[in-house]
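Asks: Mind looking at a prediction? Sequence and model below.
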Amino acid sequence: MYEDNRRFSWTSLFIKIIIVVIFILFTIWLLSLSMKNTTKGMSDSLNILTDNIFKENIDRMKEVGKEYFTTERLPEKIGEVKTLTLEEMYKKNLILEVKDKNGKACSAKNSYVAVEKMETEYQMKVYLECGSEKDFIKVIMGCYNYCNTDICEKKESKEITDQAIEYQYSKTTGGSWGPWGAWSDWSTVEVSKNNYRDVETKVVNEQYSYDKGIKERKYTGESACVQIDGYTLIKDENGVCTYTTNGIVKENPTCPSVSGYTFKSRDGFNCTYTQTNPSKTNPVCPTLDGYSNPVRDGFSCTYSKQETVYVDPICPTVSDFENTGRDNFTCNYMKSYQVAVGTKIVSSCTGCAKEVITVYETRYDYTTKTAICPEGHDRSGNICAKAATLTETRTAICPEGYSKSGSDCVKYDTITKNATCKDGYTKSGTDCIKNEMRTVTKDAVCAAGEEMLNGKCYKVQTSTVKVIGYRDVTYYRYRLRSYTGGTTDYKWSSSNNDRSLLDAGYRLTGKTRNKEVGGK
């Protein structure tokens, strides 16, 4: 009976161990799968970012090419190619520096935009080389009915939604090929052979250079052990400093915690604390003679008082009369005028002639009017009066010991408490000490910006050297010929890739025409 129970217990334990192991292995598998998916997601995101940078750079070069190759700069003969390198773009200030995903400049000599003259259109090739990354795009350009300039990029038919586009094809028969022209200069721009163009290639093993960063460690001296207060240096080996006490161990006194206060500083056994939440009080408005009960808004105090304002009455204007003065509310006026009172005979200056003239006398009229008070004023005895509210503003001040904080006055109380020594330590001057032999180790140090290796200090310096390498570069040159004479047959198709016409020897002319959807 005892043996059966014992055997059963071991079997149960073995099964439990197997279950635990399986659970652990399953958990590890799930974690590794999760990490793999996370890493893959980060890698995919990085690849997308890299591809976008390369595509944006090619698009920038394409736009420069479209602006640069105006009618007078386009190739004239079928099969002829004209090139604008990235280096030439820089010299003409047509584009800012093109850099790859790592911020390094792309090849200015090998990157280019090339335009080839086709039968009725042009093919633009944009090639970009950035280190190990290299790729190109091709764009068909021509004179289309939707162009705003001489030539523009060919649009896909799906961009025209209200009309169908038909494309013109042509085939010339019965003519003859002329002689080949002169060879062009050798160039790295890739061109292909066709009926109009003969191509030769050659491979040249060329030297090139690139910058390579080299890190060097420069020995600056031995590492140093710093002095520790109360300890004596007994060993300095491989950058490790060993210290021992002289029998007396020093510790700083410990400042207690004080509720509602924040520790500020310690001087020996004196601990200083500042109130955590300050005391607040309202600003005080200063006293202003003649005014009382000011209204305070923050630190602005407004004072007011009622006061009678006296002004003189105003004399009204009387037509043709002149005001000669005011006596309280009586205004005096006067006007003068001439009245004929007779005639008299006067002689001229020679005494030979006499003249009768009219004699006038000045007379005066007088009148009075009652003066009036200005608007808002009333008569008060012999003067005009009005009750007015006078206001003044002043800046409020904080009570002594308080300082301004926003719209309040605040004060932080400061208190002091006594520090204490840890258990086993006794007070000695401004320190806590106890008798004990102690050994400690610390790493030696080097100057800022240096690193330590086996107890020695080194400064890492990075220098750049030119590295020379060789690589095969393919060069191209071509010569052209023309097809003259013969009869040209034209056909229209709703496809710009009509295989039946292309297989029959027809080629796109580049001309298009609009056809009403479902047209006749």
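Replies: Thanks, I have the structure now.
Asks: So, low pLDDT: which residues of the stretch 51-200 of the chain?
Replies: Filtered on pLDDT under 70, the stretch 51-200 of the chain yields the residue ranges 156-163.
Asks: Would you map out the domains in the chain?
Replies: The chain breaks down by automatic domain parsing into domains covering 49-213+469-516, 251-278+415-435.
Asks: In TSV: those domains, plus distance to residue 219.
Replies: The C-beta positions use only the backbone N, C-alpha and C, and glycine is treated the same way. Output for the domains of the chain, formatted as TSV (distance: least, Cβ to Cβ, whole Å):
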stretch	distance to residue 219
domain 49-213+469-516	21
domain 251-278+415-435	39
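Asks: Can you tell me which of these is nearest to residue 400?
Replies: With respect to residue 400, and counting by Cβ to Cβ, the nearest of the domains of the chain is domain 251-278+415-435 at 15.2 Å.
Asks: mind listing the helices for the chain?
Replies: Applying DSSP state H to the chain gives helices spanning 2-68, 86-91, 499-503.
Asks: sorry, back to before: mind checking the domains of the chain for the one nearest to residue 229?
Replies: domain 251-278+415-435 (9.6 Å).
Asks: May I have the distance across that closest one, first residue to last?
Replies: Length of domain 251-278+415-435, first residue to last, Cα to Cα, to the nearest Å: 12 Å.
Asks: still on that earlier bit, make a markdown table out of the domains of the chain and add mean neighbour count and distance to residue 409.
Replies: Formatted as a markdown table, these follow (neighbours: other Cβ atoms under 10 Å; distance: least, Cβ to Cβ, whole Å):
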| stretch | mean neighbour count | distance to residue 409 |
| --- | --- | --- |
| domain 49-213+469-516 | 15 | 56 |
| domain 251-278+415-435 | 14 | 9 |
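Asks: Contact partners for residue 325?
Replies: Contact partners of residue 325, counting by Cβ atoms under 8 Å, 6 or more residues apart in numbering, are 331, 332.
Asks: Tell me what it is bridged to.
Replies: residue 332 (DSSP bridges).
Asks: what's the spacing between it and residue 319?
Replies: According to Cβ to Cβ, to the nearest Å, residue 325 and residue 319 sit 18 Å apart.
Asks: Same check on residue 169?
Replies: From residue 169 to residue 319 the distance is 103 Å (Cβ to Cβ).
Asks: Next: residue 75.
Replies: Distance from residue 75 to residue 319, by Cβ to Cβ: 98 Å.
Asks: cool, residue 64 as well?
Replies: 87 Å.
Asks: likewise residue 223?
Replies: Distance of residue 223 to residue 319, given as Cβ to Cβ: 111 Å.
Asks: got it, and residue 119?
Replies: From residue 119 to residue 319 the distance is 102 Å (Cβ to Cβ).
Asks: Equivalent analysis for residue 22, please.
Replies: Taking Cβ to Cβ, one finds residue 22 at 123 Å from residue 319.
Asks: So which of the two has more stuff around it?
Replies: residue 22 (10 against 5; other Cβ atoms under 10 Å).
Asks: my guess is residue 84 contacts residue 65, does it?
Replies: Yes - contact criterion Cβ atoms under 8 Å: residue 84 and residue 65 qualify, at 6.3 Å.
Asks: which residues are in contact with both of the two?
Replies: Contact criterion Cβ under 8 Å, 6+ apart; residues shared by residue 84 and residue 65: residue 113.
Asks: which residues does residue 432 contact?
Replies: So residue 432 contacts 250, 251, 252, 253, 421, 422, 425, 426 (Cβ under 8 Å, 6+ apart).
Asks: Please look at residue 175 and residue 195 and confirm they touch.
Replies: No - the pair residue 175 / residue 195 is not scored as a contact, 11.6 Å apart, by Cβ under 8 Å.
Asks: shared neighbours of the two, which are they?
Replies: Counting by Cβ under 8 Å, 6+ apart, the residues touching both residue 175 and residue 195 are residue 483.
Asks: distance of the closest residue to residue 426 other than its chain neighbours from residue 250?
Replies: Once flanking residues are discounted, residue 426 sits nearest to residue 433: 6.3 Å by Cβ to Cβ, 6 or more residues apart in numbering. To residue 250, residue 433 is 5 Å away according to Cβ to Cβ.
Asks: residue boundaries of the strands in the stretch 301-450 of the chain?
Replies: According to DSSP state E, counting those that start in this stretch, the stretch 301-450 of the chain carries its strands in the segments 322-327, 330-347, 354-370, 378-380, 383-395, 403-405, 408-411, 414-418, 426-428, 431-435, 439-443.
Asks: Point out where the stretch 251-400 of the chain drops to low pLDDT.
Replies: Short version for the stretch 251-400 of the chain, where the test is pLDDT under 70: 347-354.
Asks: The same query, at a cut-off of 80, please.
Replies: Along the stretch 251-400 of the chain, segments meeting pLDDT under 80 span 345-355.
Asks: quick one: contacts for residue 440?
Replies: Applying Cβ under 8 Å, 6+ apart, the residues near residue 440 are 228, 231, 242, 243, 244.
Asks: Show the pLDDT at the nearest residue to residue 145 once chain neighbours are set aside.
Replies: Counting by Cβ to Cβ, 6+ apart, residue 512 is the residue found nearest to residue 145 once chain neighbours are left out, at 6.5 Å. The per-residue pLDDT reported for residue 512 equals 80.
Asks: Understood, closing this out.
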